[in-house]
Each structure stands twice: as structure tokens, then as C-alpha cells.
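Student: Give me a model of this one.
(one chain, ligands or ions: 1)
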Amino acid sequence: MIIQCPNCSSETDNWVNKCQKCGFITEVIDGFDVWAPELIGLGSGEFFNPDCFQELAALEDENFWFQARNELILWAIQHYFEKPIHYAEIGCGTGYVLRAVEQVFPETDIVGSELFIEGLKYASQRCRRSKLVQLDARNIPYRNQFNVVGIFDVLEHIDDDLVVLSEIEKSLVSDGGVLITVPQHRWLWSAVDDAACHFRRYSAKEMEEKVKAAGFEVLRSTSFVSLLIPFMVVARLLFRKQASATSAELNINKQLNWIFRKIMALEFKLVQLGFNFSLGGSRLIVGRKKRT
Ligand SMILES: [Zn+2]
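Tutor: The predicted structure follows:
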């Protein structure tokens with residue numbers, strides 16, 4: 001495995017916890033390798049509020065949005081890349097996606113990374129065999145390693161998203177793939193985005209151009225949460241002034257959750273058939289690293 005030292009950028013295929021050039025040491029905190037010690041203990045509101053992990057971990061299992069996104073992600077990995085040998089997720093949060101990847105791809109070697117140790121602690125309760133590490137997505141130490149990298153609703157938290165995409169490109173083997181989900185449409189911006197520390201909601205054009213600029217060809221680009229757009233607009237009007245808009249929007253009652261699940265299932269069928277939605281709360285992009 002080729003590691004690029006996050007401190008001095010020298011590469012080695014024989015990394016044993018320490019850079020032979022500059023002396024940088026990969027500490028272990030709470031059982032997780034730490035690649036970005038300078039970012040440990042960030043204040044809330046930088047990139048993400050780590051207090052939200054608890055709220056997310058409690059919500060995810062029952063909520064239609066997280067379930068539907070998992071279905072879409074797992075299908076996309078299989079459809080475009082079959083069974084990856086080495087897989088990584090950047091910004092795995094509480095491990096809700098990662099656990100499902102572990103289950104669907106029992107033979108895949110998996111790395112889950114997250115900036116916040118708080119998130120990794122939740123992920124370690126859900127994931128049994130993923131290697132969980134703390135790192136800065138703008139300075140990924142892995143080189144030429146993964147067949148597929150996933151980054152799900154993370155790029156919008158990072159000012160320099162293009163650097164992240166370029167780091168992912170370098171972490172992939174030749175013709176490796178990337179799966180990305182991001183929130184979409186500037187006009188859907190609301191208190192939810194403010195509370196979640198988002199820098200932006202993307203347009204299709206912006207996302208596709210950035211993915212190409214980072215060295216990928218776009219295999220697939222579609223919106224999702226498309227059929228629920230009218231509900232999203234109504235929810236945003238209702239909760240516009242609410243402080244905890246995140247939980248207000250995701251904590252919906254059981255009946256509504258069930259209906260939304262059914263609507264998302266229909267939408268998923270259409271995406272599987274090849275239909276690309278132009279409008280939607282989120283966008284899925286599948287890219288493949290260009291051969292060099
Ligand atoms: Zn070094």
C-alpha cells in the first residue's frame with residue numbers, strides 16, 4: 001500500500017506508523033489511526049457540528065431518506081463497478097452507509113474515514129470489519145489503492161471541494177470509480193443547510209464540471225429525491241424559522257415516512273431503468289478515473 005505522508009508529501013510503500021523523511025507519526029486515538037492531528041478538537045461549526053452525530057445515529061435507521069439513499073448507493077456500486085476489492089468512504093459519519101457496504105460486499109476490504117473521532121465512535125459500533133481512520137479529506141494519505149471511493153453528502157461541507165475530488169482521484173487505482181451524493185439546487189437553500197454547515201447546494205453543471213476537472217469521466221449523473229420535491233419545498237416554508245430545522249425536517253411521523261419510502265422506491269425503479277431526473281433534492285454522480 002502506498003502512503004503519502006500528510007505532513008511532507010513523500011511517498012512510501014513501507015509505512016509503519018512513521019514517516020522516514022520528516023518523522024510524522026500516525027497516532028492512535030481511541031483505537032483510530034489519526035492522519036490529521038491538527039484538526040482534532042475542532043470547534044462546532046467548522047465543517048460540521050459533531051453534536052449532530054448522536055441525532056443522526058438515532059434517526060438514520062428508521063428514516064426514509066437514509067434508507068433510500070443507501071439503496072441507491074449500493075445499487076450504483078454493483079451496477080457500475082461490480083464487486084470492488086478495495087473500497088473507501090470519505091466522511092463516513094456514523095457508519096450508516098458503511099455498515100450496509102460491509103453486508104453487501106462481504107469480501108471487500110473496506111476503509112472508513114471521518115474527520116471527527118466522535119463520528120468514528122458511532123461507526124465502530126455499527127461496522128465490524130472496516131478499518132476506521134481519522135483524516136482530512138483534503139489531504140488523503142492513500143495512493144493508488146482503492147477500486148471505488150464513496151463520498152456521500154460531504155463535499156458541500158468543504159470549501160475547497162475540488163481539492164477533495166483530486167485527492168480521491170489519486171487514492172484510486174487506474175480506472176477506479178467514485179460515487180458522490182450532494183444536496184442540490186441553490187433555491188432549496190434553507191435553515192437546514194445553515195444548521196448543517198453547508199457551503200453550497202450544487203447544480204448539476206457545477207458538480208459534473210468539478211468531477212471532470214478532478215480527472216474523472218462522468219458515467220452517470222441524475223437527481224434523486226425528485227418526486228418528493230414538492231414536499232421539500234413545503235417543509236422548507238414550514239420550518240424556515242425553526243432553530244433545529246434538521247430534526248424538524250427528518251423527524252417525520254411513521255405514516256408520512258412510509259409514504260415517502262414508497263415514493264422513493266418508485267423513483268429508484270426509474271433510476272435503475274436509466275431515467276435521469278433533472279430536478280431533485282440531491283444528485284448522484286458516478287465517475288471513473290481516466291486512464292493515464
Ligand atoms: Zn513526512
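Student: For the longest strand along the chain, buried residues please.
Tutor: Scanning the chain for the strand with the most residues, using DSSP state E, yields strand 172-183. Of the residues in strand 172-183, 172-173, 176-183 count as buried by neighbour count, 16 or more other Cβ atoms under 10 Å. All C-beta spots, glycine's among them, are computed from the backbone N, C-alpha and C.
Student: for the helix or strand just after that strand, what is the average pLDDT?
Tutor: Using DSSP states H and E, the next helix or strand after strand 172-183 towards the C-terminus is helix 191-195. For helix 191-195, mean pLDDT is 82.
Student: And the next helix or strand past helix 191-195?
Tutor: Sequence-wise, the next helix or strand downstream of helix 191-195 (DSSP H and E) is helix 204-213.
Student: Okay, buried residues for that next one please.
Tutor: Within helix 204-213, judged by 16+ other Cβ under 10 Å, the buried ones are 204, 206-208, 210-211.
Student: I'd like to know which elements it is packed against.
Tutor: Judged by 3 or more Cβ pairs under 8 Å, 6 or more residues apart in numbering; DSSP states H and E, helix 204-213 is in contact with helix 161-171, strand 172-183, strand 216-224, strand 282-289.
Student: contacts for it?
Tutor: Here helix 204-213 makes contact (Cβ atoms under 8 Å, 6 or more residues apart in numbering) with 161-162, 165, 178, 180, 182, 184, 218, 221, 223, 278, 283, 285, 287.
Student: Can you add distance to Glu71 and pLDDT and give those residues back as JSON lines?
Tutor: Below are these laid out as JSON lines (distance: Cβ to Cβ, whole Å; pLDDT from 0 to 100):
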{"residue": "Asp161", "distance to Glu71": "25", "pLDDT": "97"}
{"residue": "Leu162", "distance to Glu71": "29", "pLDDT": "98"}
{"residue": "Leu165", "distance to Glu71": "24", "pLDDT": "98"}
{"residue": "Val178", "distance to Glu71": "19", "pLDDT": "98"}
{"residue": "Ile180", "distance to Glu71": "16", "pLDDT": "98"}
{"residue": "Val182", "distance to Glu71": "18", "pLDDT": "97"}
{"residue": "Gln184", "distance to Glu71": "18", "pLDDT": "95"}
{"residue": "Val218", "distance to Glu71": "21", "pLDDT": "98"}
{"residue": "Ser221", "distance to Glu71": "18", "pLDDT": "98"}
{"residue": "Ser223", "distance to Glu71": "16", "pLDDT": "96"}
{"residue": "Ser278", "distance to Glu71": "21", "pLDDT": "95"}
{"residue": "Arg283", "distance to Glu71": "16", "pLDDT": "97"}
{"residue": "Ile285", "distance to Glu71": "17", "pLDDT": "98"}
{"residue": "Gly287", "distance to Glu71": "20", "pLDDT": "98"}
